[in-house]
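**Student:** Coordinates for the following, if possible.
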Amino acid sequence: MHDSNRKHVKTRPYILKAMAHPLRLFILAKLFKKPHCVCELAEMIGADISTISKHLSVMKNAGLVGDTKEGTTVYYSFQCDCVMTFISCIENVIIENIKRDKLSLAKTRT
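**Tutor:** Below you'll find the predicted structure:
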């Protein structure tokens, strides 16, 4: 395997891991709609600011979110719109799994 391929193979799981948390997925969905500061996200989620900051840091290091400072407030924003396409794909898999499970259940009842 070439070095460039090896780097891609190692980087993909890092980015996926940065998304692989329910709060991070919630934050990504909110940031996809508009930028938010940590305090707004903490209020929406009902978590402390340090917890939200840690999640944002993980996602920022993975390149999923970026930040801009306005005065003393830092606003986080979505960096890559195609991530929401990926998340939509995951939603489609969930829907298909539910349909399949309902069909299997219906077949076992007959």
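
**Student:** List the contacts of Tyr14.
**Tutor:** With contacts taken as C-beta atoms under 8 Å, 6 or more residues apart in numbering, Tyr14 has the following neighbours: Ala62. Every residue, glycine included, has its C-beta placed from N, CA and C.

**Student:** Surely it forms part of a strand?
**Tutor:** No. Under DSSP: H, G, I helix; E, B strand; the rest coil, Tyr14 sits outside any strand and is assigned helix.

**Student:** Could you check how far it is from Tyr75?
**Tutor:** 24 Å (C-beta to C-beta, to the nearest Å).

**Student:** ok, now Lys30?
**Tutor:** Here the distance between Lys30 and Tyr75 works out to 12 Å (C-beta to C-beta).

**Student:** okay, and the common contacts of those two?
**Tutor:** If you check Lys30 and Tyr75 against C-beta under 8 Å, 6+ apart, the residues they both contact are His36.

**Student:** Report the distance from the longest helix along the chain to the chain centre.
**Tutor:** With residue count as the measure and DSSP state H as the assignment, the chain has helix 82-109 as its longest helix. Once both centres are worked out by C-alpha atoms, centre = their mean, to the nearest Å, helix 82-109 turns out to sit 19 Å from its chain's centre.

**Student:** for stretch 28-40, same thing?
**Tutor:** In terms of C-alpha atoms, centre = their mean, the centre of stretch 28-40 is set 12 Å apart from its chain centre.

**Student:** for stretch 27-35, same thing?
**Tutor:** With C-alpha atoms, centre = their mean as the basis, stretch 27-35 stands 9 Å off its chain's centre.

**Student:** Please apply the same query to stretch 92-110.
**Tutor:** If you compare the mean C-alpha spot of stretch 92-110 with that of the full chain, they lie 27 Å apart, counting by C-alpha atoms, centre = their mean.
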